[in-house]
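Engineer: build me a model:
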Amino acid sequence: MTGSGGDPVRVAVVYPDLLGTYGDSGNATVLAQRLRWRGHAVDQVTALAGDVVPDSCDIYVVGGGEDLPQGLAARDLGGPRPLHRAVASGSVLLAVCAGLQIVGTSFVRPDGVEADGLGLLDCRTIPGRRRRAVGELVVDPDSRDGLPVLTGYENHFGVTTVGTGSRPAGRVRSGVGNGDGTDGAVTGHVYGTYLHGPVLARNPALADLLLSWVVGPLGPLDDAECDELRRERLRAAPGRASRGSGRSRSWRGLAAGRGKEPSRR
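Structural biologist: Residues are numbered from 1 along each chain as shown. Below you'll find the predicted structure:
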């Protein structure tokens, strides 16, 4: 476990030149800054396409992108398997949209051929039969994670089915998500979602949950500005998404030792 005064916490962004269409690389910035505010040293690592992705980082961020870059990223990560080694050693992985599909068991390429994913999450993605899912996405997270309602936006055509080796990250209150009333998938310290935003800028409690898996319980921060952004975005979501949004309640729970590794379903 890395702590204040010890070795820097290494936060890696994987292939932002391929998987950076929706600004998801900003999640790494959020993680790094929330660590610094708490006195932790941070080493931010960026692995571009063609680079050797290190397998010794503490947290990895894999973002969203278009179909062709998604296929290239899956191919290049599947050969040397750096993320497999990192996760096996206890590293945390946040995968968003195309990243979620890549770290799943399989997804369908633009030519209609099913491609192997990395298999770090038990979920399979196929093209949707209806129109593209675009707009605000609001998710009631799994109660085991101790998080408030999550807010973000989605832009994808995939339909994702979660198998028994993972669990959904939550149930959709407003939007589409996986396409079956749930969003994302979670196994151990691998957390996948369709929430852009970047998701951790909109949901600092989720950022702190991921960080707690690395450094342990966290002290509180003043997230008043984030809380106002969350309220505004929840009000903007269609339907009754803003009901019960409230203030992020993560800090006290994490400081008290909640935010443990989620169990598998």
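Engineer: give me the distance between residue 156 and residue 14.
Structural biologist: 19 Å (Cβ to Cβ, to the nearest Å). (C-beta placed from N, C-alpha, C; glycine too.)
Engineer: those two: which is more packed in?
Structural biologist: Using other Cβ atoms under 10 Å, the more surrounded residue of residue 156 and residue 14 is residue 14, with 30 against 24.
Engineer: please name the nearest non-neighbouring residue to that one.
Structural biologist: Nearest residue to residue 14, sequence neighbours excluded (Cβ to Cβ, 6 or more residues apart in numbering): residue 62, at 4.8 Å.
Engineer: same question, residue 238
Structural biologist: residue 174 (5.5 Å).
Engineer: which intervals of the chain have sub-threshold pLDDT?
Structural biologist: 1-5, 240-265 (pLDDT under 70).
Engineer: dead centre of it: give me the residue that sits there.
Structural biologist: When Cα atoms, centre = their mean is applied to the chain, the residue found nearest the centroid is residue 94 (3.6 Å).
Engineer: pull the contacting residues for it.
Structural biologist: With contacts taken as Cβ atoms under 8 Å, 6 or more residues apart in numbering, residue 94 has the following neighbours: 27, 59, 60, 61, 62, 191, 192, 199, 200, 210.
Engineer: which strand or helix spans it?
Structural biologist: strand 92-96 (DSSP states H and E).
Engineer: beyond that strand, next helix or strand please.
Structural biologist: Where DSSP H and E defines the elements, the next helix or strand beyond strand 92-96 is helix 98-103.
Engineer: neighbours around the residue nearest to residue 122 when sequence neighbours are not counted, how many?
Structural biologist: Nearest-residue entry for residue 122: residue 165, 3.1 Å, with adjacent residues in sequence omitted and distances by Cβ to Cβ, 6+ apart. Residue 165 is flanked by 14 other residues according to other Cβ under 10 Å.
Engineer: helix/strand/coil for residue 165?
Structural biologist: With DSSP: H, G, I helix; E, B strand; the rest coil as the basis, the three-state label of residue 165 is coil.
Engineer: make 28 the starting number, not 1.
Structural biologist: In the new numbering, first residue 28, that becomes residue 192.
Engineer: correct me, but it touches residue 151?
Structural biologist: No - between residue 192 and residue 151 there is no contact under Cβ atoms under 8 Å: 11.2 Å.
Engineer: wait, doesn't residue 92 sit right on residue 99?
Structural biologist: No - Residue 92 is not in contact with residue 99 according to Cβ under 8 Å; the separation is 9.2 Å.
Engineer: buried ones in stretch 238-251?
Structural biologist: If you call a residue buried by 16 or more other Cβ atoms under 10 Å, then stretch 238-251 has these buried ones: 238, 239, 240, 241, 242, 245, 248, 250.
Engineer: between the residues you listed, which is nearest residue 207?
Structural biologist: residue 240 (26.8 Å; Cβ to Cβ).
Engineer: and the closest one, which of the three is it?
Structural biologist: helix.
Engineer: same question, residue 255
Structural biologist: helix.
Engineer: swap in the one 5 residues further on?
Structural biologist: Here residue 260 is recorded as helix under three-state DSSP.
Engineer: now for it: which residues touch it?
Structural biologist: 163, 178, 229.
Engineer: among the residues you listed, which ones are buried?
Structural biologist: Among those, those classed as buried by 16+ other Cβ under 10 Å are 163, 178, 229.
Engineer: and of those, the nearest to residue 111?
Structural biologist: Among the buried ones among the contacts of residue 260, residue 229 lies closest to residue 111 (Cβ to Cβ), at 29.3 Å.
Engineer: list the beta-bridge partners for the closest residue to residue 203 other than its chain neighbours.
Structural biologist: Excluding the flanking residues, the one nearest residue 203 by Cβ to Cβ, 6+ apart is residue 160, at 3.7 Å. Bridge pairing for residue 160 (DSSP bridges) gives the partners residue 183.
Engineer: could you pull up the residues touching residue 160?
Structural biologist: 181, 182, 183, 184, 202, 203, 204, 206, 221.
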